[in-house]
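Enquirer: Return a 3D structure for these sequence lines:
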Amino acid sequence: MRNSLLAAASFTVALTTVGCGSLHQNPVKQAAEAAGVDTLKSIEFSGTGRWYQFGQAPNPDLPWPQFAVKSYTADINYETASARVQISRLQEIEAGRNRPVPTEQKVDQYVSGNVAWNVAPPAANASTPTITPQPAASEERAAEIWSTPQGFLRAAQKHQAKAETQGDHTEVSFTVGGKYRYVGTLNARNQLVNVKTWIDNPVLGDTLVETQFSDYKELDGGQFPSHIVRLAGGFPVLDINVNGVKANPPLDLPIPPEAAKKPAVVVAASKLADGVYYLTGGTHHSVAIEQKDHIVLVEAPLNEERSLALIEKLKEIIPNKPIKYLVNTHAHFDHAGGLRTFVDAGATIVTHEPNQSYYQKIWSNPHAINPDHLAISKKAAKFESFSGKKVLSDGKRTIEIHALADNSHNDAFVAVYLPKEKILVEADAYTPLAANAPAPSSPNPYSVNLYQNIQKLKLDVNQIAALHGPRVVTLADLRAAIGISKASR
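Expert: This is a model prediction of the structure:
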C-alpha cells in the first residue's frame, strides 16, 4: 500500500509540473519528465461519452453511426505494449431512420504486441468465456496505446523523435517498426494536444487516425486530459469525457493460446442450383453464378485475404472462366473490403450509382503501409453503376439486381434475384437465426423493408441466400421472422 501511495504521489508531482520548463532544450525529454513517463508503467482511465461505428455510415457523405457510452475503461501496460478496453454502449437512432430496437452492447477487447482478441461471456452451457482472435484489429489497438499522452512520449524517447518548434507549440514525430508514423503536438505548457498516426484499412488504404486531448485536469493523482476525441476516416470514432484516472494499476494481460491462433480463411461451396454456389466458411458469405463464358460473383467481403481465397475456390468449382462481374451490395466496409482485389483481377464492379464516385475517390488514397494487389498493379477500376434495377444476362441465365428502396440500413443497398432459380441473395437486410431459434420479440425493420420490397417488385422467392447467418432459408422463414403468420398472408 505504501509503495502504491508513493507511486501515486510521484505521478502527481511529475504531472503538476507541466508547463514549468522551457521546450527550447530537448522538448521531448522535458515533456516526458513533466508527464512522469519514467515512473508510469501502466495507466487506467475511464469515462462516458460516445463511440462511433467505423465503416458503417448509411451514406458515404454521413458520419459513422453513434452510440451512447455508459461506461468506458481503458487499461494500458506500456512496458508490455498491451491494453484492455471495456465499453458499455447503446446505439442512438438518427432522425428519419428506422433502426432495430437497440440493446446494450458490452465490449471487452484486448491487444498485446501484435496479437488482438475479444472476450465474451460464456456461451450457453459453457463455463468459460469465449475468446475470439481479432487479427485485423491489432494495428489499430496498438496505435491507441501509443496515442495516449504518456504512451506517445514514451515511444518518442525510444524511437529518437524529431522535435521542431513552431511558434508557441512543438511538433514531435517518429516512426515505429519502419512504417508507422506518429506526429504529435505539444503546447506551450508541455501538454500533448493531439497525435496523428496512420494505419492500414482495406477500403481506405493509409488511414489517418487523429486523437485530440483537451481540458487537462487533476484526476486521481495526476494531470490527464479530461476530454479525448479520436477521429478515423475523417469522422469521430470516440468522444470521451474522462472522469477517473489511476496511475500504475497492476495489469497483467497474458495472451490466451486461442487468441494467438490466426483463423484460417476457409471457403466452402454448396450448390444452390445448377451453376449457382453459396460460398461460406466465415462470418460473411458470397454467391457465385456461372454464366456461359464467365462468372458473376455477388459480394467481396472483409479484405484481400478473403477475396484471394474466393478466387482460388472459383478456379476449383468453375474452372477456366474469368470473373467478369463483382456485384457489391453496399458500401459498408465489411462488405466492400475485398473489392480492390477483384478490380486487380479484372472484374467490373457492379454497384448502386452513389457508390461509384465514393469508391473512385477513396481508392485513390495511398496504400503504402500494407500494399495490396491493386496498389502494386495500379489497374484502373471498371464500373457498371445503376439506379433502380440492372439486369445481367448471357442469353440463357438472367440475373436481376434490385435497389432496396427506403431501407434504413443503407441508402445505396441492393439485392440480387435469379428469376429462373427463384433465389434471392441479400446482405444485412435479413440475417437468419439458427434453425428452431425463437423469433425476435420485435421485427427487424430492415427485414420488414426487405419483405416489402419483395412484394412490391413481385419477386417469386423460393430460397434466400443471406450473406450472413448459418443457413439458406425460405420466404416463409422471413415471414416468420417479421411476425407474419400463415393466416395473414
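Enquirer: Spell out the residue ranges of the strands in the stretch 101-250 of the chain.
Expert: 105-112, 115-120, 130-133, 162-166, 169-176, 180-186, 192-201, 205-218, 223-232, 235-247 (DSSP state E, counting those that start in this stretch).
Enquirer: Out of the ones you listed, which gets nearest to His332?
Expert: Closest to His332 of the strands of the stretch 101-250 of the chain is strand 192-201 (CB to CB; 12.9 Å). Bear in mind the C-beta positions are built from the backbone N, C-alpha and C, glycine included.
Enquirer: For that closest one, give the mean pLDDT please.
Expert: The predicted model gives strand 192-201 an average pLDDT of 98.
Enquirer: contacting residues around Gln212?
Expert: The neighbours of Gln212, taking CB atoms under 8 Å, 6 or more residues apart in numbering as the test, are Val193, Asn194, Ile228, Val229, Arg230, Leu231.
Enquirer: Most neighbours among these, which one?
Expert: Among those, Ile228 has the most neighbours (other CB atoms under 10 Å), with 24 neighbours.
Enquirer: In terms of pLDDT, where does that one sit?
Expert: Per-residue confidence (pLDDT) for Ile228: 98.
Enquirer: Return the set of residues that bridge with it.
Expert: Beta-bridge pairing of Ile228 under DSSP bridges involves Phe213, Ile240.
Enquirer: now the helices: where do they sit in this protein?
Expert: 2-16, 27-35, 138-146, 149-158, 257-260, 304-317, 333-336, 339-344, 353-362, 373-377, 445-457, 475-481 (DSSP state H).
Enquirer: Quick one: residues in contact with the fifth one.
Expert: Residues from elsewhere that reach helix 257-260 (CB under 8 Å, 6+ apart): Tyr110, Val115, Ala116, Trp117, Ile131, Pro133.
Enquirer: buried residues in it?
Expert: Ala259 (16 or more other CB atoms under 10 Å).
Enquirer: I'd like to check which residues are in contact with the closest residue to Lys313 other than its chain neighbours.
Expert: Among residues not flanking Lys313 along the chain, Val267 sits closest, at 4.1 Å (CB to CB, 6 or more residues apart in numbering). Val267 is in contact with Leu279, Thr280, Gly281, Gly282, Ala309, Leu310, Glu312, Lys313, counting by CB under 8 Å, 6+ apart.
Enquirer: Poorly predicted segments of the chain, please.
Expert: Applying pLDDT under 70 to the chain flags the ranges 1-25, 219-222, 486-489.
Enquirer: switch the cut-off to 90
Expert: 1-26, 30-39, 123-127, 190, 217-224, 436-441, 485-489 (pLDDT under 90).
Enquirer: tell me the domain ranges of it?
Expert: 2-259, 264-488 (automatic domain parsing).
Enquirer: Show me what stretch 455-465 is in contact with.
Expert: Residues contacting stretch 455-465 (CB under 8 Å, 6+ apart): 272, 278, 285, 287, 402, 405, 417, 419, 421-426, 430, 432, 454, 472-475, 477-478.
Enquirer: Any of those buried? List them.
Expert: Using 16+ other CB under 10 Å, the buried members of the contacts of stretch 455-465 are 272, 278, 285, 287, 402, 417, 421, 423-426, 430, 432, 454, 472-473, 475, 477-478.
Enquirer: Grab the CA positions of stretch 147-166 and hand them over as PDB.
Expert: The C-alpha trace of stretch 147-166 is given here as PDB (Å, rounded to 0.1, in the frame of the first residue of the first chain):
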ATOM      1  CA  SER A 147      -1.600   7.700 -29.000                       C
ATOM      2  CA  THR A 148      -2.200   8.400 -25.300                       C
ATOM      3  CA  PRO A 149      -0.200  11.200 -23.800                       C
ATOM      4  CA  GLN A 150       2.200   9.000 -21.700                       C
ATOM      5  CA  GLY A 151       2.400   6.400 -24.500                       C
ATOM      6  CA  PHE A 152       3.300   8.900 -27.200                       C
ATOM      7  CA  LEU A 153       6.000  10.500 -25.100                       C
ATOM      8  CA  ARG A 154       7.400   7.100 -24.000                       C
ATOM      9  CA  ALA A 155       7.600   6.000 -27.700                       C
ATOM     10  CA  ALA A 156       9.000   9.300 -28.800                       C
ATOM     11  CA  GLN A 157      12.000   8.800 -26.500                       C
ATOM     12  CA  LYS A 158      12.500   5.200 -27.500                       C
ATOM     13  CA  HIS A 159      12.400   6.000 -31.300                       C
ATOM     14  CA  GLN A 160      14.600   9.100 -31.300                       C
ATOM     15  CA  ALA A 161      11.800  11.500 -32.100                       C
ATOM     16  CA  LYS A 162      12.400  14.700 -34.100                       C
ATOM     17  CA  ALA A 163      11.200  17.900 -32.400                       C
ATOM     18  CA  GLU A 164      10.600  21.100 -34.200                       C
ATOM     19  CA  THR A 165       9.400  24.300 -32.500                       C
ATOM     20  CA  GLN A 166       6.700  26.100 -34.500                       C
END
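Enquirer: Flag every buried residue along that stretch.
Expert: 147-157, 159, 161, 163.
Enquirer: out of the contacts of Gln212, who's nearest Gly47?
Expert: Ile228 (7.7 Å).
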